[in-house]
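Q: coordinates only, sequence not included:
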């Protein structure tokens, strides 16, 4: 980590961060980002002196980030704090685009499973506190209930909610629904995806236990018609439909294989090697995502796969009520697991921001380009002894942990762990 103004330091969760008004700023600093002669501040908010990691723009250095009207207004080596109505001192911290969690289940309701069900979680309680500003539902709704999902969750959430649409018309409503081939219909699914293109970013098939390829094939057809990728949770591991055929013949470049470190579907060969089908699938352009979840992340798979260089394209949680309090916890914790496995921090950030943005075709997200939505996360990289648990109750110790200190959603403070964007209390405060 570099710092142009002070010696290199990682300050951790207790890093001293202060917020100052423009009038309280001492000393003039040359502003090469935006000159102004107006008495009004040019920017609403300045994140000052943080180490910016923005993979889209190739940024990996200490920079200042200015926000105005919910957009990224400027990213520069130096922006005068006098130009901002409010300044957050992020020195010693990492500043990234708001995270995109590409695998969550948020269709809450009274039913038993994930579609309007009790296994889902309300997003705002779990997203911002880990730096997530966009959460993508991994196929909880289908074409029959997408309208209900929009009204009940998407329209009521502060988190930006996007979704894969399940090939099953009733969505992830439980085993009886998800095994019903008669409810896996291409045309209604594609039609609903196109009619809801502002929120639908792909087609999902999951949990199918039969020997047929129909769920995958119909999902791909619907994806072709709607022009969106397919995500596959491959369900039961059956000899009639092996993983290598899925990855080398059935899926298209840009489609997504979920739960890559589950160990449930032959991701490793019996001698501990990455399945050659996984390698060939990657060479064809298939994307691989973590989808940690409550039963889909095994150190027995992740460790040897990482040692063989098979890193994830996308880091995601598989957030639901059974994973939120288990070894998964939240996206920053899953990212810290990958750090522990030796994945470089810039790659971890890219796999949680720009890569998922490209995969779902929302390239306005996951970056800090000028004019992009001001979705921003500020992290401390804490040093110490941390235990990371997989889905099978096994712990691997690490010495680094990402902690979300501040999250902005379109320029508004959505999470502020230590009040770094709050005005300090004094007896004579305004």
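A: Looks like it came in fine. Predicted, not measured: the structure shown is a model, and the values here were computed from it.
Q: how close does residue 263 sit to residue 125?
A: Separation of residue 263 from residue 125 (Cβ to Cβ, to the nearest Å): 30 Å. Glycine gets a C-beta too; all of them are placed from N, C-alpha and C.
Q: Neighbour count for those two, which is higher?
A: residue 263 (22 against 10; other Cβ atoms under 10 Å).
Q: how about the strands in the stretch 101-250 of the chain?
A: With DSSP state E, counting those that start in this stretch, the ranges of strands along the stretch 101-250 of the chain come out as 108-111, 117, 132-142, 160-166, 200-206, 230-233.
Q: chain center to the fourth one, what's the gap?
A: For strand 160-166, the gap between its own C-alpha mean and the chain's C-alpha mean amounts to 13 Å (Cα atoms, centre = their mean, to the nearest Å).
Q: got the angle between that strand and strand 200-206?
A: 40 degrees (axes from the mean of the first three to the mean of the last three Cα atoms, to 10 degrees).
Q: same check, this time on the third one
A: On the basis of the same axes, to 10 degrees, strand 132-142 is oriented at 60 degrees to strand 200-206.
Q: Partner strands of strand 132-142 and their direction?
A: strand 99-104 (parallel), strand 160-166 (parallel) (DSSP bridges).
Q: rewinding a little: wait, which of the strands of the stretch 101-250 of the chain is closest to residue 179?
A: Closest approach to residue 179 among the strands of the stretch 101-250 of the chain (Cβ to Cβ): strand 200-206, 11.1 Å.
Q: Now do the closest one: which elements does it pack against?
A: Using 3 or more Cβ pairs under 8 Å, 6 or more residues apart in numbering; DSSP states H and E, the elements in contact with strand 200-206 are strand 132-142, strand 160-166, helix 186-195, helix 214-226, strand 230-233.
Q: Need the contact partners of that strand.
A: For strand 200-206, the surrounding residues in contact (Cβ atoms under 8 Å, 6 or more residues apart in numbering) are 136, 138-139, 146, 162-168, 172, 178, 184, 189, 192-193, 215-216, 218-220, 222-223, 226, 228-233, 235, 256, 258, 360-362.
Q: so how far is that strand from its chain's centroid?
A: Distance of strand 200-206 from its chain centroid, counting by Cα atoms, centre = their mean, is 16 Å.
Q: So that it lines up with my notes, have the first residue be 274 from now on.
A: Happy to do that; since the first residue is 274 now, the last one works out to strand 473-479.
Q: quick one: strands adjacent to it?
A: Strand 473-479 pairs in its sheet with strand 433-439 (parallel), strand 503-506 (parallel), by DSSP bridges.
Q: Report the buried members of the contacts of strand 473-479.
A: Buried members of these, counted by 16 or more other Cβ atoms under 10 Å: 409, 411-412, 419, 435-441, 445, 451, 457, 462, 465-466, 488-489, 491-493, 495-496, 499, 501-506, 508, 529, 531, 633, 635.
Q: Give me the buried positions along stretch 522-536.
A: Neighbour counts over stretch 522-536 (16+ other Cβ under 10 Å) mark 523-524, 527-536 as buried.
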